[in-house]
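**Q** Just the structure for this:
(2 chains)
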Amino acid sequence: MREWQRGLRDDWGCSMIAGAESLPVIEPRSTNPANEVAKKLTGRDYVSWSAISTFRQCPLKYKFRYIDGLPEESVSSALVFGTGIHSAVEQHFQAILSGEEQPDVERLMFAYRSAWLPHDPDAIQFGSSETRTSLDALASKMLTAFLNSPAASVQGRVLGVEEEIRGMLVEGVPDLYGRVDLMTEDSDSLVITDIKTSRGRWSREQVEDSGGQLLLYSHLASEIAPGKKIATRFLVLTKTREPQIEEHVREVEPGSLTRTLAGVERVWRAIESGVFYPAPSTVACAGCGYRSACRAWVG
Amino acid sequence: MLKLHAGVSKKVGLPGFSSASASCTIEAELDGSLLHDREGFQTVVQRAYQSCEKAVEDQITRLTHDNGSDASQPQPTPQEVVEVRTSPAISGARITTNGADTQATNCAVFRDAPSPRPATASQVKAIRAIAARRKIDLVGLLRERFGLTTADELGIRQASNLIDELKGDDGASPCGSGNGAYATTGGAR
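**A** This is a model prediction of the structure:
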């Protein structure tokens, strides 16, 4: 049975604030036995798409991050930059939902900059031709391009921005928990959008290869709009000299989930079995925050 | 004048992705002297909440034990004002009985089917932002319109429609009698 993270309210206790508009929310109790297994292994009673992807990329990295809880020695500038662009674009859509005056580039840049604040500047690993100043300038160009693109408009209604979603996908696998960047609906479709920053334009293969996460989220979100078609959409902002804004929309085909669900199940079985090993990669290892721990690992 | 406003709400999941929820609010005028009687004040507040909790529990029990019955047929207990609604259309009955120290009591029961999805966090945030911007008494509005005390008890459809309404986008509902042709524009600077 699917289970939303928010919403079930068991007890308010006694609020002494007369007329108070907000009251404490008590999280629903889990009904998925695999959640307990996940909690014992990782301290979380769910699995995220990010965790699944990390395991696929490098099982040992997964172990360091999710089982051992090791802090990363460094964080890549691309990750912080992407988080900042996400925050800015999400602020734009939240303003649409709230009927507020649309934030201009300066306001969006404020949201972007706030993503850098939690990080120790010395622990951020920049690319060879990057500086914080050059990335800020790029962010400004990307956000300007976004605001001037049709992708900044919403056809229909915004239902959720950075919305938490959670539910059981496969028997024996913990609930999938994630955040949907943008959820909109028009008269006949529910659209689940993921916002991406990319070094270049996306190929058709990239769209196909990246579809698993949105497919699972759309499956969990399907009960929001019964009877409506469900579409997944990648909103890609390129980090090119002249930033491009791309939209890749695909209707979810019935049956397309099977392969993705099977992959998630196998990954979880491997995690449960403790199958952790390094997966050396010239691309992925360069920016990995666990290089020292990885070198020290002997099996 | 000392005014007490107490509320309790509960929502439980039912088979088939449906849910039953009940909420009860009490608004009462209290004697101002209670301000100087901490124990007496606590007792009155405690009673108010206990009354609400009892009413809500009773309603939930009725609904969950009688899953197939028509929720628009309330069985109010004495000393209650019971308003039963089916969401989103209001089709309820109201029975009023004044309590000894209670000015007004409302107890609303909603059956959300087929989608039990509550309002999204961003919808709740939007409703609060719009209400604050337009100086709307949100607590009063929610109580009056939905029999609820907090925006996050709304369903996703209720929240959507309320946002459209608060923003002045009448006729934008895709699930109501609206024409379904609508577009919210973000747009360029």
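**Q** Strands along the stretch 151-299 of chain A, start to end?
**A** A:157-167, A:176-185, A:189-198, A:229-238, A:245-251 (DSSP state E, counting those that start in this stretch).
**Q** Point out where the stretch 151-299 of chain A drops to low pLDDT.
**A** A:254 (pLDDT under 70).
**Q** For it, what lies in contact range of chain B?
**A** A:152-164, A:183, A:185-187, A:223-226 (C-beta under 8 Å from any C-beta of the partner chain). (Each C-beta comes from the backbone N, C-alpha and C, glycine too.)
**Q** buried subset of these?
**A** A:152, A:154, A:156-163, A:183, A:185-186, A:223-225 (16 or more other C-beta atoms under 10 Å in any protein chain shown).
**Q** quick one: low-confidence parts of chain B?
**A** B:1-6, B:9, B:11-40, B:43, B:63, B:65-116, B:169-189.
**Q** and the longest helix for it?
**A** In chain B, taking DSSP state H as the definition, the longest helix is helix B:38-65.
**Q** list the buried ones in that one?
**A** B:41, B:44-45, B:48-49, B:51-53, B:55-56, B:58-60, B:62-63.
**Q** so which of the residues you listed comes closest to chain A?
**A** B:Tyr49 (4.8 Å; C-beta to the nearest C-beta).
**Q** The closest one touches B:Val8, doesn't it?
**A** Yes: judged on C-beta atoms under 8 Å, B:Tyr49 makes contact with B:Val8 at a distance of 6.4 Å.
**Q** Now do the contacts for the spatially closest residue to A:Val170 that is not a sequence neighbour.
**A** Sequence neighbours aside, A:Glu265 is the residue nearest to A:Val170 in space, at 4.9 Å (criterion: C-beta to C-beta, 6 or more residues apart in numbering or on different chains). The contact partners of A:Glu265, by C-beta atoms under 8 Å, 6 or more residues apart in numbering or on different chains, come to A:170, A:172-173.
**Q** Please tell me which one of these counts the most neighbours.
**A** The most crowded member of these, judged by other C-beta atoms under 10 Å in any protein chain shown, is A:Val173 (25 neighbours).
**Q** gap between the residue lying closest to that residue once chain neighbours are set aside and A:Tyr62?
**A** Nearest in space to A:Val173, with sequence neighbours left out and distances taken as C-beta to C-beta, 6+ apart, is A:Trp268 at 4.6 Å. Between A:Trp268 and A:Tyr62 the distance, using C-beta to C-beta, to the nearest Å, works out to 11 Å.
**Q** who touches stretch A:106-120?
**A** Taking C-beta under 8 Å, 6+ apart as the rule, stretch A:106-120 contacts A:75, A:80-81, A:83-92, A:103, A:124, A:132, A:136, A:139-140, A:143, A:147.
**Q** of those residues, list those near chain B.
**A** A:92, A:147.
**Q** buried subset of the contacts of stretch A:106-120?
**A** For the contacts of stretch A:106-120, buried by 16+ other C-beta under 10 Å: A:75, A:80-81, A:83-92, A:103, A:124, A:139-140, A:143, A:147.
**Q** ok, now which ones touch the residue lying closest to A:Leu261 once chain neighbours are set aside?
**A** Nearest residue to A:Leu261, sequence neighbours excluded (C-beta to C-beta, 6+ apart): A:Val170, at 5.4 Å. A:Val170 makes contact with A:261, A:264-265, A:268, according to C-beta under 8 Å, 6+ apart.
**Q** A:Lys239 touches A:Arg201, doesn't it?
**A** No: contact criterion C-beta under 8 Å: A:Lys239 and A:Arg201 do not qualify, at 10.9 Å.
**Q** Those two: which has the busier surroundings?
**A** Counted by other C-beta under 10 Å, A:Lys239 and A:Arg201 do not tie: A:Lys239 has more neighbours, with 19 against 11.
**Q** how far away is that one from chain B?
**A** Plainly put, A:Lys239 is 21 Å away from chain B if you go by C-beta to the nearest C-beta, to the nearest Å.
**Q** Now do that residue against A:Ser187, distance only.
**A** 35 Å.
**Q** Repeat that for A:Gly43.
**A** A:Gly43 is 43 Å from A:Ser187, by C-beta to C-beta.
**Q** B:Leu162 too?
**A** 19 Å.
**Q** Also A:Ser128?
**A** 49 Å.
**Q** now do A:Thr131
**A** On the measure of C-beta to C-beta, A:Thr131 and A:Ser187 end up 47 Å apart.
**Q** taking the contacts of A:Glu265 one by one, which sit in helices?
**A** Per DSSP H, the contacts of A:Glu265 never map to helices.
**Q** Compile these into TSV and extend it with columns for distance to B:Arg117.
**A** Output for these, formatted as TSV (distance: C-beta to C-beta, whole Å):
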residue	distance to B:Arg117
A:Val170	21
A:Gly172	25
A:Val173	22
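**Q** Pick the one among those residues closest to chain B.
**A** For those, the nearest to chain B is A:Val170 (18.2 Å; C-beta to the nearest C-beta).
**Q** How about the contacts made by the nearest residue to A:Lys141 once chain neighbours are set aside?
**A** In space, A:Lys141 comes closest to A:Pro243 once its chain neighbours are excluded; the distance is 5.3 Å by C-beta to C-beta, 6+ apart. Neighbouring residues of A:Pro243 by C-beta under 8 Å, 6+ apart: A:138, A:141-142, A:145-146, A:237.
**Q** Of these, which pair is most distant in space?
**A** A:Leu138 and A:Phe146 (12.5 Å; C-beta to C-beta).
**Q** Look at the two and report which has more neighbours.
**A** Taking neighbours as other C-beta under 10 Å, A:Leu138 and A:Phe146 compare with A:Phe146 leading, 23 against 18.
**Q** That one: what's it in contact with?
**A** A:Phe146 makes contact with A:89, A:92, A:152, A:237, A:243, A:245, according to C-beta under 8 Å, 6+ apart.
**Q** Distance check, it against A:Trp268.
**A** Distance from A:Phe146 to A:Trp268, by C-beta to C-beta: 36 Å.
**Q** And for B:Gln158?
**A** 36 Å.
**Q** One more: A:Leu235?
**A** From A:Leu235 to A:Trp268 the distance is 29 Å (C-beta to C-beta).
**Q** again, but for B:Gly147
**A** 43 Å.
**Q** Which one of those two is surrounded by more residues?
**A** Set B:Gly147 next to A:Trp268 and count neighbours by other C-beta under 10 Å: B:Gly147 wins out with 25 against 22.
**Q** Now do the nearest residue to A:Cys285 once chain neighbours are set aside against chain B, distance only.
**A** What sits nearest to A:Cys285 in space, not counting adjacent residues and going by C-beta to C-beta, 6+ apart, is A:Arg291, at 7.0 Å. Distance of A:Arg291 to chain B, computed by C-beta to the nearest C-beta: 37 Å.
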